[in-house]
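Q: make a model of this:
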Amino acid sequence: MEKYLVNLTDEERDTLNGLLKKGKAAARRLAHARILLLTDEGQDDESIAEIVTVSSRTINRVRKRLVTEGFLAALDHKPQPPRPDKVKIKGNVEQEMVRIACSDPPEGRCHWTLQLLADELVALGVVQSVSTETVRQALKKTTLTRGSSKPGVSRPTPMANTSGAWRT
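A: Next up is the predicted model:
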């Protein structure tokens, strides 16, 4: 693994010390500041990892970001890449899935299972491939329930009054 050398300017050192004295920053930013200061002083990775309670891999990443991307990039954490949409079944595909789920199940079955729904969507050519978990999540987001106009699993049943008191 390459070892990147850290040489901070006086201004950068003052900025880091000021940040640590205030202590009013994100924990990750403060840890990166400590890593940069200790690395600049010439401490080895094991002692820095013990002092800051981070892994040696984190120390190497912070060093590398300082050298390759600059001072401010080394202080801040690298943002996560954008994640794809959680619900993969939308629009027409969702309508088709609900239509299938509301229809009569295949012969020999009493109801649609998630696997049957997923297989039917693929067989009809609506999607190329879909997992049962994706089908479950999409059905969970709909207000589809059997025999009820209200969303939810079941309607609450009214409780009979067994106390013997008069109704008013």
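Q: ok now the least confident helix or strand in the chain by mean pLDDT, how far from the chain's centre?
A: Counting by mean pLDDT, DSSP states H and E, the chain has its least confident helix or strand at helix 132-141, which shows a mean of 87. Relative to its parent chain, helix 132-141 has a centroid offset of 17 Å by CA atoms, centre = their mean, to the nearest Å.
Q: what is that helix packed up against?
A: Applying 3 or more CB pairs under 8 Å, 6 or more residues apart in numbering; DSSP states H and E, we find helix 132-141 packed against helix 91-102, helix 114-123. Where you see a C-beta, it was placed from the backbone N, CA and C, and this is true even at glycine.
Q: can we see that at 6 Å?
A: On a contact count with 3 or more CB pairs under 6 Å, 6 or more residues apart in numbering; DSSP states H and E, helix 132-141 meets helix 114-123.
Q: now the angle from the helix it packs on to helix 91-102?
A: 130 degrees (axes from the mean of the first three to the mean of the last three CA atoms, to 10 degrees).
Q: got the buried residues for helix 114-123?
A: Within helix 114-123, the residues that count as buried by 16 or more other CB atoms under 10 Å are Leu114, Leu116, Leu117, Ala118, Glu120, Leu121.
Q: residues in contact with that helix?
A: Ile100, Val127, Val130, Thr132, Val135, Arg136 (CB atoms under 6 Å, 6 or more residues apart in numbering).
Q: for Val127, see how far away the residue most central in space within the chain is.
A: In the chain, the residue lying closest to the centroid (CA atoms, centre = their mean) is Arg83, at 8.0 Å. Distance, Arg83 to Val127, using CB to CB, to the nearest Å: 20 Å.
Q: same check, this time on Ala31
A: Taken as CB to CB, the span from Ala31 to Val127 is 44 Å.
Q: quick one: low-confidence parts of this protein?
A: By pLDDT under 70, the low-scoring segments of the chain are 1, 85-87, 143-168.
Q: which stretches of it form helices?
A: Using DSSP state H, the helices assigned to the chain run over residues 10-22, 27-41, 45-52, 56-69, 71-75, 91-102, 114-123, 132-141.
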